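Novice: Got a predicted model here, sequence first, then my questions.
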Amino acid sequence: MNYWMMFWTGALVIAGCSFAVITAIVSVFGYRDLMQMFRRLTAQGGKENE
């Protein structure tokens, strides 16, 4: 019985760590992409107003 509890505890820890790593990667790269998109939109908006 103890082996099943260790197995599921390990599976939960691995899943939680994987989720945390994937969330961090998506947050960092997503933020960078959003900043680039806003810079391009700002530059385009300035050209259209001229």
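Specialist: Now that the structure is in, tell me what you want to look at. Just so it is clear, the model here is predicted, and its values are computed rather than measured.
Novice: And for Gln44, the neighbour number?
Specialist: Residues lying near Gln44 (other CB atoms under 10 Å) number 10. Just so you know, the C-beta spots here come from the backbone N, C-alpha and C atoms, and that holds for glycine as well.
Novice: now the strand or helix carrying it, how far from the centre of its chain.
Specialist: Element membership of Gln44 [criterion: DSSP states H and E] is helix 2-49. Relative to its chain's centre, helix 2-49 lies at 0 Å (CA atoms, centre = their mean, to the nearest Å).
Novice: From here on, call the first residue 39.
Specialist: Sure, I'll start counting at 39 from here, so that last one is helix 40-87.
Novice: pLDDT of that helix, averaged?
Specialist: The average pLDDT for helix 40-87 rounds to 93.
Novice: okay, which residue is most central for this protein?
Specialist: Val64 (1.9 Å; CA atoms, centre = their mean).
Novice: measure that residue to Gln74 for me?
Specialist: Computed with CB to CB, to the nearest Å, the distance linking Val64 and Gln74 is 16 Å.
Novice: likewise Ile63?
Specialist: Relative to Gln74, Ile63 is positioned 17 Å away (CB to CB).
Novice: Could you tell me how many residues sit around Gly83?
Specialist: 9.
Novice: Over to Trp46?
Specialist: Using other CB under 10 Å: Trp46 sits among 10 other residues.
Novice: now swap in the one 4 residues further on and tell me
Specialist: For Leu50, the number of neighbouring residues by other CB under 10 Å comes to 10.
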